[in-house]
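A.B. asks: Provided below for reference: sequence and predicted model.
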Amino acid sequence: MSVNKEVKRITTHILQEMKQRGEKIAMLTAYDYSMATILGDAGLDVLLVGDSASNVMAGHETTLPITLDQMIYHAQSVVRGAGRAFVVVDLPFGSYQGNSKEALNSAIRIMKESGAHGVKLEGGAEIAESVERIITAGIPVMGHLGLTPQSIYKFGTYTVRAKDELEAEKLKSDAKILEQAGCFSVVLEKIPAKLGKEVSESLHIPTIGIGAGPDCDGQVLVVNDMIGLTKGFKPRFLRQYLDLYSGIKNAAESYIKDVKGNDFPNEKEQY
């Protein structure tokens with residue numbers, strides 16, 4: 001039986017137990033109360049208030065423009081509907097890089113103002129000091145390695161990361177550094193499945209994969225992609241469970257037709 005059905009609230013300790021017992025961790029992004037309520041009721045273990053809100057909610061090309069205030073707003077909404085799910089919030093670009101004091105202040109703001117349960121940072125050795133400082137304040141930290149979208153202009157492409165030996169070795173080293181710094185989990189994004197398996201087996205903390213193969217301790221997708229709200233974005237790692245784009249578009253077209261044809265509202269739909 002899933003641990004999720006036995007507890008009032010998922011915690012970092014429970015996520016660790018899930019890894020130890022071989023139970024996969026199910027994680028999706030969420031950005032608003034309504035979606036968080038649905039996903040919480042469905043039984044998601046973890047909800048990530050991702051900086052992908054910059055793309056799917058605000059229409060930006062990258063995750064870079066979203067601000068700390070905007071992330072807190074989304075996080076507040078998600079926490080209210082999350083139920084027993086563990087809520088993690090991305091620290092947005094510019095709120096933690098290169099300054100561990102600023103990183104701590106950003107993390108504290110998220111925790112105090114949103115009621116979330118942890119934060120997520122992108123990067124390896126270069127952010128270890130910030131991770132340690134945040135954790136000393138009692139704030140759980142999730143790491144993120146592989147394709148790190150906040151560094152997209154450095155990479156220049158969204159292609160698979162760590163295919164060559166040098167980058168793969170750095171990723172493995174960074175994963176260990178994040179574990180030693182105190183991270184409770186690490187997201188592995190868009191790396192070879194073999195490397196995802198190797199890293200997952202080398203760590204005591206859970207790994208969450210997105211395009212990192214089936215041997216990670218859990219999986220995450222952007223919910224808007226998973227339910228087909230986004231159009232034209234279909235990377236290999238995405239399994240689309242619904243086609244809400246077409247469904248909502250068809251409903252809107254039917255509504256337009258009924259309004260213009262004076263069929264809505266009818267006699268039963270008025271006072």
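C.D. replies: Thanks, I have the structure now. Numbering: from 1, shown residues only.
A.B. asks: So the residue most central in space within the chain: helix, strand or coil?
C.D. replies: Residue closest to the average C-alpha location in the chain (CA atoms, centre = their mean): L48, at 3.6 Å. Three-state call for L48 (DSSP: H, G, I helix; E, B strand; the rest coil): strand.
A.B. asks: is it in a bridge, and if so with what?
C.D. replies: T29, V88 (DSSP bridges).
A.B. asks: which residue ranges form the helices in the stretch 151-271 of the chain?
C.D. replies: Taking DSSP state H, counting those that start in this stretch to define them, one finds helices in the stretch 151-271 of the chain at 152-155, 165-181, 193-202, 223-226, 244-260.
A.B. asks: how about the third one as PDB, C-alpha atoms only?
C.D. replies: Provided in PDB are the C-alpha atoms of helix 193-202 (Å, rounded to 0.1, in the frame of the first residue of the first chain):
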ATOM      1  CA  ALA A 193      18.800   6.600 -18.400                       C
ATOM      2  CA  LYS A 194      22.000   4.700 -17.500                       C
ATOM      3  CA  LEU A 195      23.400   7.700 -15.700                       C
ATOM      4  CA  GLY A 196      20.100   8.200 -13.900                       C
ATOM      5  CA  LYS A 197      20.200   4.700 -12.600                       C
ATOM      6  CA  GLU A 198      23.800   5.000 -11.500                       C
ATOM      7  CA  VAL A 199      23.200   8.200  -9.600                       C
ATOM      8  CA  SER A 200      20.000   6.900  -8.000                       C
ATOM      9  CA  GLU A 201      21.800   3.800  -6.800                       C
ATOM     10  CA  SER A 202      24.800   5.800  -5.400                       C
END
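A.B. asks: between that helix and helix 165-181, what angle do the directions make?
C.D. replies: Between helix 193-202 and helix 165-181, the angle comes out at 30 degrees (axes from the mean of the first three to the mean of the last three CA atoms, to 10 degrees).
A.B. asks: what's in contact with stretch 257-266?
C.D. replies: Under the criterion CB atoms under 8 Å, 6 or more residues apart in numbering, residues Y255 lie in contact with stretch 257-266. Yep, even glycine has a C-beta here, placed from its N, CA and C like the rest.
A.B. asks: Could you give the separation of it from the chain centroid?
C.D. replies: Chain-centre distance of stretch 257-266: 41 Å, with CA atoms, centre = their mean, to the nearest Å.
A.B. asks: all helices of the stretch 1-150 of the chain, in order?
C.D. replies: 12-21, 33-42, 53-56, 68-81, 100-114, 128-136.
A.B. asks: Show me what the second one is packed up against.
C.D. replies: I take that to be helix 33-42. strand 46-49, helix 68-81 (3 or more CB pairs under 8 Å, 6 or more residues apart in numbering; DSSP states H and E).
A.B. asks: what do you get for the longest one?
C.D. replies: If you count contacts as 3+ CB pairs under 8 Å, 6+ apart, helix 100-114 packs onto helix 68-81, strand 118-120, helix 128-136.
A.B. asks: at 10 Å what do you get?
C.D. replies: helix 68-81, strand 86-90, strand 118-120, helix 128-136 (3 or more CB pairs under 10 Å, 6 or more residues apart in numbering; DSSP states H and E).
A.B. asks: Out of the helices of the stretch 1-150 of the chain, which is closest to L195?
C.D. replies: With CB to CB as the criterion, L195 lies closest to helix 12-21 of those, at 18.0 Å.
A.B. asks: Between strand 86-90 and the closest one, find me the angle.
C.D. replies: Compare the direction of helix 12-21 with that of strand 86-90 by the same axes, to 10 degrees and you get 100 degrees.
A.B. asks: For helix 12-21, buried residues please.
C.D. replies: Residues 12, 14-16, 18-19 are the ones in helix 12-21 that count as buried (16 or more other CB atoms under 10 Å).
A.B. asks: Same check on stretch 188-197?
C.D. replies: Using 16+ other CB under 10 Å as the test for burial, stretch 188-197 gives 188-192, 195-197.
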